[in-house]
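Colleague: sequence unavailable; structure follows:
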């Protein structure tokens, strides 16, 4: 893995909110096609890190490079177009649009970087294919405002996929779902990974993280305390203490 | 000729005016700063208070400030009623922002035109013993009609500050302002608290109205002049901060008065609004903003 | 049967009205019609930013007045043809929109709304203190007696405004159906999600503000010739600001036809009320309608029509 060039390289990311240090010189690197879990107790800075990586907020310090480009100055929509796509903990569908309509937005605005991008007509076709993949095809023409929880999570993922990501950051996609629903989402993420998309999974459900990730990064109080292969991290005493000591 | 005396008087008058502006704005600090309700109609409630003071003063000779203090419970109830309606119609449906804004805009016009139809376009004033005489210190001549409202405003604002920081209800309101969701999870009736807060906000409008008509004659459309001022002060002061509101109000009062003195009163409206634009462009979190 | 493209309708109506204007002799209709058409422009323009993107502009009067006073300035310096004044007004207004947008659109929508309010007052104060355009006393424009090709100058103004109304409606329609319109809708629904889906939110919002402001400026440009005497209170009249919001809201904000319906309805009601009852009552009527619609029918008349159609659609089958 180390001979390959990294996809995402974030060095020394720092972020403060007033006097509160949310992130303290965090380094994180992701290689193409990797499956990485990002875990940590509540308030450890995971969401802040995601926001800084995706561009929703700017980081105070540090550099981020993606695919060889420095992106820390770029606004979020540019980063999305380059291939970093994130989902939201609380799904944010475009409620005035249908399910398939939701996907046409990233298809039109983010995925067009490919030279073979075609006209609006096939946007719908592409959208329907993606919906097929996530299991929402039969809800395609319904309003996105009336979906169930797990359907909304799937829509979030579908919308992220429609942006043709190289790196997908799935922010607590499975929180509050039933066991079978969690399995659905995990198999979906595996399917996406098979297509070559690197995935950072942020979760509190340890079973899911262990089943999915090749590597796990652990944040506690804004600092990275572990970054290694899943088995090794899960046995790390400090990690165990961070969770059980809470 | 700008003399030191003139400038000093302008600054001191500006401070008196600023104190009054704080009372005018405190209702918005509560409604918008704390509760996120863009009550753009707030100034028209103030004018309503002024006109009530006017009628009572003209008919019974009662002091305007006394009148509005006694009328404030009615305004409180009015605020509660309006909030109830607003909440039922808009807040629960999610897309509150635009609709709530337009709703209050509509209220602004309905009330203003009602006042216009009832009282006509003329300016109205009140008669009290303290409108007219001045209080003189060395170099400085202060009109009592500004001093009394200043004192009243400071009392009102200080009282509210104590209320919000030291009483249970007041702290509950501040808690709702900071994290409503968390509070609702703790089985706190956040709607009742917000209702209460909005009622208080409208009640302050009534009292400010009494101060207003002591300071200057009032006509139905006077509220419009104040819309920008109150939002400017609220934003400049850092949204939900009472201390910030007071500081910003003093600042604005002084700058306005000094500008008026140096360049003429026709420039005064531009001051607050230019300040607002500047604040939004440069430091939207305001002076005391989080 | 091939479907008739919907842009045909506004053009056809415009041509129809144009023909009528040649036949009707009573100039009163030109005067009254001008106001209705003016509001169609203002309402359609407002809706591009307000209805499509969800950003409320409280200062339509400011952009309108920029157009009006732009004409006054040009008139004093150059005496150009009206079309030039219209372009000038549109460009200046859209530049002002650019600056305002860029300064405030990175904040929440409600701050933009407040900033537009502030803008209107600042500009009005500046104009009041500007002797060159007459300050608080105003400025008299000489309306030309006639112009080639038209029975009277008033008729010419009417036709000019008719063309502007047609342009704004077609522009609004074009935006609505383009990817720009989809992007604005995404911004309206959830700006954060839109940004993270690749929508260049700031750029689109600034564009919409410039377009909206520019159209409003164009609507204001012929005003001095229409009214022959321009003073800050009439140019910056709050009636423009509130009507620009009320008309799309009452007509319906999602489609281009909504502002048109709202404009025609409200403008006619207000004209009638001014003549029969009083002009103060105008704002009251608008205020009451605003509150009623915003509580009971937030999707406007078009929305009511749509839900009525949906209900009828459902009943036979179910």
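Modeller: Looks like it arrived, so ask away. All values derive from a computational prediction rather than experimental measurement.
Colleague: and residue A:216, which of the three is it?
Modeller: strand (DSSP: H, G, I helix; E, B strand; the rest coil).
Colleague: need the helices for the stretch 1-150 of chain C, in chain order.
Modeller: C:8-23, C:27-50, C:60-77, C:82-104, C:109-128 (DSSP state H, counting those that start in this stretch).
Colleague: export these as a markdown table, with columns for mean neighbour count.
Modeller: Every C-beta, even on glycine, is put in place using the N, C-alpha and C of the backbone. What follows is the helices of the stretch 1-150 of chain C, written out as a markdown table (neighbours: other C-beta atoms under 10 Å in any protein chain shown):
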| stretch | mean neighbour count |
| --- | --- |
| helix C:8-23 | 13 |
| helix C:27-50 | 24 |
| helix C:60-77 | 25 |
| helix C:82-104 | 21 |
| helix C:109-128 | 24 |
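Colleague: closest to residue B:73 out of those helices?
Modeller: helix C:109-128 (30.0 Å; C-beta to C-beta).
Colleague: is the helix or strand harbouring residue B:117 in proximity to chain C?
Modeller: Assigned by DSSP states H and E, residue B:117 belongs to helix B:96-119. Yes: under the criterion of C-beta under 8 Å from any C-beta of the partner chain, helix B:96-119 makes contact with chain C via B:97-99, B:101-103, B:105-110, B:112-114, B:116-117.
Colleague: show me what from chain B comes close to chain C.
Modeller: B:38, B:85, B:89-90, B:97-99, B:101-103, B:105-110, B:112-114, B:116-117, B:224, B:227-228, B:231-232, B:235, B:266-267, B:269-270, B:273-274, B:276-277, B:280-281, B:284.
Colleague: buried ones among the residues you listed?
Modeller: With burial judged by 16 or more other C-beta atoms under 10 Å in any protein chain shown, the buried subset of these is B:38, B:89-90, B:97-99, B:101-103, B:105-110, B:112-113, B:116, B:224, B:227-228, B:231-232, B:235, B:267, B:269-270, B:273-274, B:276-277, B:280-281, B:284.
Colleague: just give the nearest non-adjacent residue to residue C:201, would you?
Modeller: residue C:195 (4.8 Å; C-beta to C-beta, 6 or more residues apart in numbering or on different chains).
Colleague: helix or strand for the one you found, just tell me which one.
Modeller: In this structure, residue C:195 is located in helix C:191-196 according to DSSP H and E.
Colleague: same deal with residue A:74?
Modeller: Per DSSP H and E: residue A:74 is located in neither a helix nor a strand.
Colleague: what are the phi and psi values for the residue lying closest to it once chain neighbours are set aside?
Modeller: Using C-beta to C-beta, 6+ apart and skipping the chain neighbours, the partner closest in space to residue A:74 is residue A:55 (6.2 Å). When read as degrees, to the nearest 10, the backbone of residue A:55 gives phi 100, psi 0.
Colleague: pretty sure the residue nearest to residue C:201 contacts residue A:76?
Modeller: Yes: in terms of C-beta atoms under 8 Å, residue C:195 counts as a neighbour of residue A:76; the distance is 4.7 Å.
Colleague: what is in contact with the two at once?
Modeller: Common contact partners of residue C:195 and residue A:76 (C-beta atoms under 8 Å, 6 or more residues apart in numbering or on different chains): residue A:56.
Colleague: low pLDDT regions in chain A?
Modeller: Residue ranges of chain A with pLDDT under 70: A:1-3, A:113-121, A:244-246.
Colleague: which bits of it sit near chain B?
Modeller: A:18, A:95.
Colleague: which parts of the stretch 151-290 of chain B are helices?
Modeller: In the stretch 151-290 of chain B, the helices defined using DSSP H, counting those that start in this stretch lie at B:168-185, B:190-215, B:223-236, B:242-263, B:268-282.
Colleague: which among these is found nearest to chain A?
Modeller: Chain A lies closest, by C-beta to the nearest C-beta, to one member of the helices of the stretch 151-290 of chain B: helix B:168-185, at 10.7 Å.
Colleague: now that closest one: mean pLDDT?
Modeller: Averaging pLDDT along helix B:168-185 yields 80.
Colleague: then stretch C:302-318?
Modeller: 77.
Colleague: now residue C:162: how far from residue B:199?
Modeller: For residue C:162, the distance to residue B:199 (C-beta to C-beta, to the nearest Å) stands at 50 Å.
Colleague: which of the two has more residues huddled nearby?
Modeller: residue B:199 (23 against 20; other C-beta atoms under 10 Å in any protein chain shown).
Colleague: got a list of what residue C:182 touches?
Modeller: Per C-beta under 8 Å, 6+ apart, neighbours of residue C:182: A:104-105, A:108.
Colleague: which stretches in chain A count as strands?
Modeller: With strands called from DSSP state E, chain A shows them at A:8-17, A:20-30, A:35-39, A:61-66, A:69-70, A:84-86, A:167-171, A:198-202, A:215-220, A:223-229.
Colleague: tabulate those strands (JSON lines), appending mean neighbour count.
Modeller: Conversion of those to JSON lines gives the following (neighbours: other C-beta under 10 Å):
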{"stretch": "strand A:8-17", "mean neighbour count": "18"}
{"stretch": "strand A:20-30", "mean neighbour count": "19"}
{"stretch": "strand A:35-39", "mean neighbour count": "24"}
{"stretch": "strand A:61-66", "mean neighbour count": "18"}
{"stretch": "strand A:69-70", "mean neighbour count": "11"}
{"stretch": "strand A:84-86", "mean neighbour count": "28"}
{"stretch": "strand A:167-171", "mean neighbour count": "24"}
{"stretch": "strand A:198-202", "mean neighbour count": "25"}
{"stretch": "strand A:215-220", "mean neighbour count": "24"}
{"stretch": "strand A:223-229", "mean neighbour count": "16"}
